[in-house]
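Student: whatever this is, show me its structure:
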Amino acid sequence: MGTGDARVRGIAARAGGWSARHRWAAVGIWVLFVVLAMGLGSAAGRVDVDESDQLKGETHTAATIVKDAGIEEPAGETVLIQGRDAGVKATDAEFRATVAEVVEAVRATGRVSDVTSPYDTQTISKDGRSALVQFDMRGDAETAGDRVEPVVKAVEGVARKHTSLRVEEIGSASMNKTFSDAFGDDFQQAEYSAVPVALGILLIAFGALVAALLPVALAITAIMATMGLMGVVSHVMPMSDTANSVMLLVGLAVGVDYCLFYLRREREEREAGRDAQTALRVAAATSGRAIVVSGVTVCVAMAGMLFTGLAGFEAMGLASLMVVAVAMVGSVTVLPALLSLLGERVEAGRIPFLNRRRRSGSGDSRFWSAVLKGVLARPVLSVVVAAGALLAIAAPAVGMKTQNLTLDQEFGDSLSIVQTYNRVNEAFPGGSEPAEVVVKARDINAPDVKDALAQFKERAITSGASRGPVEIKLHDAQNIAFVYVPLVGGSDQDRASASLEKLRDEVRPATLGKVDGLQAPITGNVAGNHDFNDQLLGSVAPVFGFVVVFAFLLMLVSFRSLTVAITSIALNLLSVGAAYGILVAVFQHGWGASLVGAEGVGAIVTWLPLFLFVILFGLSMDYHVFVVSRIREARLRGRTTTDAIRHGVVTTAGVVTSAAVIMVAVFAIFGTLSMQSMKQMGVGLAAAVLIDATVIRGVLLPAVMALLGERNWYLPKWLDRMPDFTHDEAPEAVTAPSVTDGGEPIRV
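Tutor: Okay, the predicted model is just below:
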């Protein structure tokens with residue numbers, strides 16, 4: 001273990017030193033960067049992910065055929081008319097009159113086309129109690145949700161006149177509007193709540209308004225700059241609203257964390273008696289380096305999403321990667337400049353009633369000092385108990401069931417359209433989400449093609465995949481036909497998927513598959529979910545492998561220790577596993593589900609495990625790098641490994657706790673939202689961060705390092721040629737004067 005030379009050689013230390021010396025220039029450059037990024041993004045506009053590019057496989061093929069043919073499929077809508085009592089039938093006079101009124105009302109809006117009566121299309125349920133009026137929305141299907149409200153209100157007007165009947169609208173446009181409103185309201189609530197919550201916790205942590213505002217200001221400016229950059233980058237890789245929301249979440253978390261790490265270290269050094277300039281240099285050389293290592297590791301983890309091949313995941317990964325990189329750069333450049341400008345004024349706006357606990361110059365935490373005393377006294381017992389507890393928590397994850405949540409799983413009874421969806425599926429199984437076969441032929445009216453279409457229509461029903469009615473819509477000019485097949489299973493994803501596979505593997509080869517040169521990809525909601533799941537499962541191994549391998553290499557290079565790299569990966573995987581176990585226990589098995597309003601979900605949303613792995617693996621490195629850097633720093637100063645562990649953990653406990661409380665609070669906000677997928681994301685993230693900041697960093701990490709002793713710093717000789725990025729982690733390397741810290745002579 002060396003002590004480093006007298007020169008500051010690290011990127012973070014050099015950047016912090018330059019910013020402190022050129023304060024106004026650093027602040028000006030940052031402000032100019034944020035303004036330019038926002039301006040360029042506004043000028044460029046944002047390109048969102050096209051529906052035809054969302055997935056690969058048959059769903060993508062079908063979308064491409066339709067797009068290339070120039071056919072704009074309208075958004076289909078349905079009005080369910082159903083007797084409230086068993087005795088009410090579709091043949092009754094009032095029922096017929098209601099159907100006629102619905103047809104007239106929706107036509108009168110001028111926003112629909114191809115309105116059909118159930119008496120013409122035979123869309124009447126087998127029990128005779130339910131009927132469907134069907135029509136299409138005029139204009140672009142993707143924006144139909146913005147124009148559907150007058151139609152919905154017209155249908156509601158008819159419903160108010162006929163209380164003995166249910167008159168309810170459902171379809172792609174009305175459902176998209178409902179989802180958009182619910183999704184938008186949820187995220188708006190989360191976004192508006194997150195900043196005040198973070199600011200409140202920082203006020204308690206620092207006890208001063210200016211110190212609390214700095215991390216929030218850095219996070220917000222980083223988010224603003226990234227939003228602008230997303231607009232520019234979207235012309236190369238399209239973005240999405242979901243990517244924007246995830247970027248906000250990640251940006252706030254890491255932006256606040258990085259600033260918090262830096263600010264607390266600078267404050268600690270000043271409380272230890274160092275002058276402001278020296279304290280800032282020490283913070284730049286230590287916390288600044290930890291931020292760079294952590295930021296690069298998080299960026300690598302986020303880049304794992306780019307290997308899924310799913311446009312939505314790629315957008316989320318790139319947006320998250322950008323905001324982490326921007327926050328990291330801001331933390332090691334503009335933050336030192338602001339701290340240098342403010343000086344003692346960073347303590348302005350003290351909150352007297354908070355009675356902030358005074359910390360000693362060493363920054364020790366009494367609580368964690370007590371915990372560490374027991375952990376280091378019995379490291380074997382600590383490892384067995386802590387690891388055993390986490391493995392027990394992770395155990396339910398072995399039986400994890402993933403699926404795309406149905407409407408009733410996603411929203412429960414909170415939305416009226418959920419009941420409509422269930423009623424339509426009960427009366428007309430699969431009718432609300434039929435499979436769509438896009439048939440492309442050289443001549444769609446050729447005898448063999450017409451014969452194959454007729455056979456497909458008949459066999460889809462006789463095979464048991466559908467109960468009908470199977471509808472065929474021809475586009476003669478483009479030689480394309482759309483075949484709509486209601487799937488047996490309806491809202492039951494497993495049964496509907498089985499019906500889809502029967503169509504794809506049995507019915508299609510025996511009918512349409514016999515016509516040379518004919519294409520017939522099967523798409524629709526069930527098919528889209530099926531293809532999404534297949535592609536997601538296929539990307540799990542590459543994503544996991546990429547993230548784990550590159551995180552390992554980064555830790556190896558950053559700390560020049562094979563042992564630290566291996567234990568870092570192992571502990572992070574244990575943390576993620578425990579989060580998975582909690583998710584399965586709560587949302588799949590229902591243990592404590594009533595506490596978060598998650599009764600009856602019974603499954604984990606398909607995209608969440610991979611998403612959580614990437615996000616958690618990245619964010620967990622924040623704390624890990626920060627704590628291990630402090631331990632290594634103390635070891636470089638000449639402390640024994642055990643003493644270095646104690647010093648590193650207790651002196652970082654305050655900042656890690658504050659950062660974790662902010663993250664848990666922000667993520668917990670998502671656990672209160674109405675959408676179950678958002679609840680699952682919030683609970684999973686909050687639980688993992690809590691476990692990571694307490695059990696992992698406070699018990700397992702120090703216990704494992706204590707057991708390993710000097711082997712913590714083991715590096716095989718054949719790896720000694722690796723680049724050395726550890727130069728600036730010890731504050732001794734900054735200046736020459738000597739001071740003491742806890743009775744130990746230290747060059748700062």
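Student: name the element A706 belongs to?
Tutor: helix 701-708 (DSSP states H and E).
Student: got it, and T651?
Tutor: T651 belongs to helix 641-670, assigned by DSSP H and E.
Student: would you map the strands across the stretch 1-150 of the chain?
Tutor: 76-83, 112-116, 130-137 (DSSP state E, counting those that start in this stretch).
Student: could you do the stretch 151-300 of the chain as well?
Tutor: Per DSSP E, counting those that start in this stretch, the stretch 151-300 of the chain carries strands over the ranges 165-171.
Student: for the stretch 351-500 of the chain, same thing?
Tutor: Taking DSSP E, counting those that start in this stretch as the criterion, the stretch 351-500 of the chain carries its strands at 402-403, 435-440, 471-475, 480-485.
Student: which of those is buried the deepest?
Tutor: strand 435-440 (a mean of 25; mean count of other Cβ atoms under 10 Å). From N, CA and C alone the C-beta is placed, and that goes for glycine too.
Student: mind exporting that one as PDB, just the C-alpha atoms?
Tutor: C-alpha atoms of strand 435-440 as PDB (Å, rounded to 0.1, in the frame of the first residue of the first chain):
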ATOM      1  CA  ALA A 435     -55.600 -11.100 -32.400                       C
ATOM      2  CA  GLU A 436     -55.000  -9.400 -35.700                       C
ATOM      3  CA  VAL A 437     -53.700 -11.400 -38.700                       C
ATOM      4  CA  VAL A 438     -52.100  -9.100 -41.300                       C
ATOM      5  CA  VAL A 439     -52.300 -11.000 -44.600                       C
ATOM      6  CA  LYS A 440     -50.100  -9.800 -47.500                       C
END
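Student: that one: how far from the chain's middle?
Tutor: 32 Å (Cα atoms, centre = their mean, to the nearest Å).
Student: helices or strands next to it in the packing?
Tutor: Contacts defined by 3 or more Cβ pairs under 8 Å, 6 or more residues apart in numbering; DSSP states H and E place strand 435-440 against helix 57-69, helix 447-462, strand 480-485, strand 522-523, helix 525-559.
Student: mind redoing it with 6 Å?
Tutor: If you count contacts as 3 or more Cβ pairs under 6 Å, 6 or more residues apart in numbering; DSSP states H and E, strand 435-440 packs onto helix 57-69, strand 480-485, strand 522-523.
Student: give me the sheet partners of the second one and which way each runs.
Tutor: Looking back up the chat, that one is strand 480-485. If you go by DSSP bridges, strand 480-485 pairs up with strand 435-440 (antiparallel), strand 471-475 (antiparallel).
Student: out of the ones you listed, which comes closest to F135?
Tutor: F135 lies closest, by Cβ to Cβ, to one member of these: strand 471-475, at 13.6 Å.
Student: who's in contact with that closest one?
Tutor: Contact partners of strand 471-475, identified using Cβ atoms under 6 Å, 6 or more residues apart in numbering, comprise I71, L453, A481, F482, V483, Y484.
Student: repeat that for 8 Å
Tutor: A69, I71, I444, N445, L453, K457, I480, A481, F482, V483, Y484 (Cβ atoms under 8 Å, 6 or more residues apart in numbering).
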